[in-house]
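[1] Here is a sequence with its predicted model. Questions after.
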Amino acid sequence: MSGLGDIVTVVLVTAGALLFLAGTLGLLRFPDTLSRLHAISKADNLGLGLIVIGLLPQAASLTGGLKPICVWLLAQLSAATASQLLARTIYRDPAEP
């Protein structure tokens with residue numbers, strides 16, 4: 001079972017890292033602020049989720065597995081709040097870059 005858990009961990013963490021890379025490329029390549037914001041928030045949330053799910057088989061206890069889940073939920077909440085505030089600011093004053 002340990003071998004299967006290790007394989008799941010490697011596959012999911014690699015997929016999460018690739019999503020982080022895709023979000024970073026979107027941040028660098030997209031033309032306007034709203035599309036950059038969309039790319040970075042979606043890809044990073046999904047990438048972090050895959051990394052957390054990939055690390056769950058490696059957790060030694062239930063509390064060891066709940067801590068990364070709580071970090072992921074906090075990151076989702078903060079990313080959604082920051083994205084909303086930035087998008088609202090851009091919507092209100094589109095002349096600002």
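    Perfect, I can see it now. Residues are numbered from 1 along each chain as shown.

[2] For stretch 19-26, list every residue counted as buried.
    Leu19, Phe20, Ala22, Gly23, Gly26 (16 or more other C-beta atoms under 10 Å). The C-beta positions use only the backbone N, C-alpha and C, and glycine is treated the same way.

[3] same deal with stretch 4-14?
    Within stretch 4-14, the residues scored as buried using 16+ other C-beta under 10 Å are Val8, Thr9, Leu12, Val13.

[4] May I have the residues that are in contact with the third one?
    Taking C-beta atoms under 8 Å, 6 or more residues apart in numbering as the criterion, Leu12 is in contact with Leu50, Ile51, Ile53, Gly54.

[5] next one: Val13
    Listed by C-beta under 8 Å, 6+ apart, the contact partners of Val13 are Leu50, Ile51, Gly54, Leu55.

[6] Would you mind naming the helix or strand containing the first one?
    Per DSSP states H and E: Leu50 is located in helix 33-55.

[7] and the buried residues of stretch 4-14, which of them are in helices?
    Among the buried residues of stretch 4-14, the members falling in helices are Val8, Thr9, Leu12, Val13 (criterion: DSSP state H).

[8] Distance to Trp72 and pLDDT added to the residues you listed, as CSV?
    CSV is the format used below for these (distance: C-beta to C-beta, whole Å; pLDDT from 0 to 100):
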residue, distance to Trp72, pLDDT
Val8, 17, 92
Thr9, 16, 93
Leu12, 13, 95
Val13, 13, 95
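
[9] Looking at those, which is nearest Thr63?
    Checking these against Thr63 by C-beta to C-beta gives Thr9 as the nearest, at 18.8 Å.

[10] Nearest spatial neighbour of that closest one, chain-adjacent residues omitted?
    Nearest residue to Thr9, sequence neighbours excluded (C-beta to C-beta, 6 or more residues apart in numbering): Gly54, at 4.8 Å.

[11] contacting residues for that neighbour?
    Listed by C-beta under 8 Å, 6+ apart, the contact partners of Gly54 are Val8, Thr9, Val10, Val11, Leu12, Val13, Ala15, Gly16.
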